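*Asks:* just to be clear, the model below is a prediction. Sequence and coordinates:
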Amino acid sequence: MVRTVVFDVGETLIDESRIWLRWAERLEVPPLTFLGVLGGCAALDLSHREAFELLRPGLDFQAEAARWAQDDPDGLRTGFDADDLYPDVRPALAALREAGFDVVVAGNQPPEARAALEAMDLPASAIRTSDEWGVQKPEPEFFARVAALSGVAPEEIAYVGDRLDNDVLPAADAGMMPVLLRRGPWGYLHARRPEAARTTVIDSLTELPAVLAG
């Protein structure tokens, strides 16, 4: 029986559209071109960083991000705020808490993402990021940390994410219930793959209380 529901962040809770569009503007690439190349990377199982290399060969991503921080120190840049929350997030998390589930957020994110999420006052008992832990999905140690944070056995945890490779299949391998959210480029592409049969596929977070009760 699931007692704790753990959520990925990007394209699970947070709509990353504005982040990618800001990058397109920063690199002076047409939005459709940037998003199209990003989608191609998703389809080909390439890292999103490959999109930057394809569009700006030789770009030093970290150096460019640092320059951007100097140019626009008060802007969101690669960050997010409450305006980027998907509309089903608050009602879904609240419904889960009301149904007696513990709610945790843990994803591959930089340290500042935790502060951004905590500022949203989400109905979650804990929020953590990969950079805090020093380990990223899909590494087994990440999911071991998730279990330790949740304080319950892996089989009592449902992990919800938008990717098979990074999120739900590694969670399943760790003994957790895998829930794939058909959202964002990876979510839509991965939901059509045969491996998705190993997971529970949903189209909205508001489906979770009924899915878990079933």
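*Replies:* Thanks, I have the structure now.

*Asks:* Arg49: neighbour count?
*Replies:* 11 (other CB atoms under 10 Å). For glycine as for every other residue, the C-beta is placed from the backbone atoms N, C-alpha and C.

*Asks:* how much space separates it from Phe34?
*Replies:* Counting by CB to CB, to the nearest Å, the gap from Arg49 to Phe34 is 13 Å.

*Asks:* all strands of this structure, in order?
*Replies:* Per DSSP state E, the chain carries strands over the ranges 4-7, 102-107, 126-129, 157-161, 177-181, 200-202.

*Asks:* ok, Leu169 - contacts?
*Replies:* 138, 178, 195, 198-199 (CB atoms under 8 Å, 6 or more residues apart in numbering).

*Asks:* give the PyMOL command for selecting the buried subset of those residues.
*Replies:* To isolate the buried ones among these in PyMOL, judged by 16 or more other CB atoms under 10 Å, type:
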select buried, resi 138+178+199
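
*Asks:* can you lay out the contacts of Leu169 as CSV showing pLDDT and distance to Trp186?
*Replies:* What follows is those, written out as CSV (pLDDT from 0 to 100; distance: CB to CB, whole Å):
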residue, pLDDT, distance to Trp186
Pro138, 96, 13
Pro178, 98, 14
Glu195, 97, 13
Arg198, 95, 16
Thr199, 97, 13
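
*Asks:* per-domain residue ranges of the chain.
*Replies:* According to automatic domain parsing, the chain comprises the domains 4-15+81-213, 17-71.

*Asks:* tell me the most buried of these?
*Replies:* Most buried of these by mean neighbour count (mean count of other CB atoms under 10 Å) is domain 4-15+81-213; its value is a mean of 19.

*Asks:* quote the end-to-end distance of it.
*Replies:* Its start and end residues considered, domain 4-15+81-213 measures 13 Å (CA to CA, to the nearest Å).

*Asks:* let me see the ranges of the helices in the protein.
*Replies:* 17-26, 31-43, 49-55, 61-71, 89-98, 111-118, 130-133, 140-150, 169-173, 184-190, 208-213 (DSSP state H).

*Asks:* indicate which one of those helices is closest to Val160.
*Replies:* Closest approach to Val160 among the helices of the chain is made by helix 208-213 (7.1 Å; CB to CB).
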